[in-house]
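Student: I need the structure of the sequence given here:
(one chain, ligands or ions: 1)
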Amino acid sequence: MATFASAIPAPLHRTTLRSPPLISFTPRSRQALLNLYLIMKPTRERTPHSHGITCSFSRFEVRDVSYRPPGTELNLLNGVSFSLPERSFGLIFGKSGSGKTTLLQLLAGINKPTSGSICIQRYGDDGKPNQSPEPLPPERVGIVFQFPERYFLADTILDEVIFGWPRRKSSLQLKEHLALNLQRAVNWVGLNGISLDKDPQSLSGGYKRRLALAIQLVQVPDLLILDEPLAGLDWKARADVVKLLRHLKKELSILVVSHDLK
Ligand SMILES: Nc1ncnc2c1ncn2[C@@H]1O[C@H](COP(=O)(O)OP(=O)(O)OP(=O)(O)O)[C@@H](O)[C@H]1O
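Tutor: This is a model prediction of the structure:
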């Protein structure tokens, strides 16, 4: 069953994949290892007093989480703990069937842990928690599933982005807020040069992924989770999406789930 190797708060971040993973745990069998790598340093977090800089920061923390689907006898995840500093880029890597999607669904609030908690913990200048942990609200988490373009429904890019928006009469203030978020999301992912009247299905593979990201970014999530974001893309589109994620990481925390370490 599961083992894991990280205390809360987590040890210092790793910056390259040559480093050992931040956590390793064995969800169901010793063959099915899940690893978390922190592949880019957070932009704002500083270890207390390093280089004379002190500042407060927060982390997403998964604390001793276990999950057993309703009506089953087996835990799919067992005692999983790790943390991700804000504005950092984490990679959860594990073989097929190791529990990546199960973990991702818990983080996104689609399922609830059977035990343990998922929260945001803020730390003060001294590196100690400065308040009680807050639960991670599902609306603060954006999730892009594998092959998101398969789920596009609308005839235009604009309609696809605003698909889930309130249909009833909303206040002018809310409309303005949504319009600003839309503009920002479109700029973030580099869709600003493309007509929003275009059919999403006419976009290239890389641009379809950009659109899927924009749909989530409109909500300005604190944590963006991407399930196999490069799956099915050619090398050019892959490079394009990686560049975009590098850019987005300056704005929010990103957690990528993949079975492919390369
Ligand atoms: N509701 C459920 N009831 C019982 N077993 C389940 C349930 N959901 C998932 N599983 C099993 O739990 C294991 C982990 O599944 P999960 O989809 O999280 O793996 P994964 O790492 O995301 O795999 P992949 O990379 O193939 O998507 C698999 O063996 C799966 O069959």
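
Student: For V256, name its beta-bridge partners.
Tutor: L91, L226 (DSSP bridges).

Student: List the contacts of it.
Tutor: Going by Cβ atoms under 8 Å, 6 or more residues apart in numbering, V256 touches 89-92, 225-226, 229, 245. Any C-beta I mention is one placed from the backbone N, CA and C, and that applies to glycine too.

Student: And for V257?
Tutor: 91-92, 100-101, 103-104, 225-228 are the contacts of V257 under Cβ under 8 Å, 6+ apart.

Student: Pick out the most distant pair among those.
Tutor: L91 and T101 (14.9 Å; Cβ to Cβ).

Student: Output the longest helix anywhere in the chain as CSV, restricted to C-alpha atoms.
Tutor: The longest helix of the chain (DSSP state H) is helix 172-188. Taking Å, rounded to 0.1, in the frame of the first residue of the first chain, the C-alpha atoms of helix 172-188 are listed here in CSV:
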residue,chain,number,x,y,z
LEU,A,172,-23.2,45.3,-15.3
GLN,A,173,-20.4,44.9,-12.8
LEU,A,174,-20.3,41.1,-13.3
LYS,A,175,-20.4,41.5,-17.1
GLU,A,176,-17.5,43.9,-17.0
HIS,A,177,-15.6,41.6,-14.7
LEU,A,178,-16.1,38.6,-17.0
ALA,A,179,-15.2,40.6,-20.1
LEU,A,180,-11.9,41.7,-18.5
ASN,A,181,-11.1,38.2,-17.5
LEU,A,182,-11.9,37.0,-21.0
GLN,A,183,-9.6,39.5,-22.5
ARG,A,184,-6.8,38.6,-20.1
ALA,A,185,-7.2,34.9,-20.6
VAL,A,186,-7.1,35.3,-24.4
ASN,A,187,-4.0,37.4,-24.1
TRP,A,188,-2.3,35.0,-21.7
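
Student: And it, what does it pack against?
Tutor: helix 157-161, helix 205-217 (3 or more Cβ pairs under 8 Å, 6 or more residues apart in numbering; DSSP states H and E).

Student: Just the element for R238, please.
Tutor: Using DSSP states H and E, R238 sits in helix 235-248.

Student: Kindly provide the whole-number mean pLDDT of that helix.
Tutor: Across helix 235-248, the average pLDDT comes to 83.

Student: Only the buried residues of that helix, if you could.
Tutor: Neighbour-count burial for helix 235-248 flags 237-238, 240-241, 244-245, 248 (criterion: 16 or more other Cβ atoms under 10 Å).

Student: The residue most central in space within the chain: what's it in contact with?
Tutor: For the chain, I225 is the residue whose C-alpha lies nearest the centre (Cα atoms, centre = their mean; 2.3 Å). By Cβ under 8 Å, 6+ apart, the residues touching I225 are 104, 107-108, 141-144, 254-257.

Student: before we move on, the earlier item: what's in contact with the longest helix of the chain?
Tutor: Outside helix 172-188, the residues that reach it (Cβ under 8 Å, 6+ apart) are 161-162, 165-166, 192, 196, 213-215, 217-220, 247-248, 251.

Student: switch to 6 Å and redo it
Tutor: 192, 214, 217-218 (Cβ atoms under 6 Å, 6 or more residues apart in numbering).

Student: quick check: angle from that helix to helix 205-217?
Tutor: 150 degrees (axes from the mean of the first three to the mean of the last three Cα atoms, to 10 degrees).
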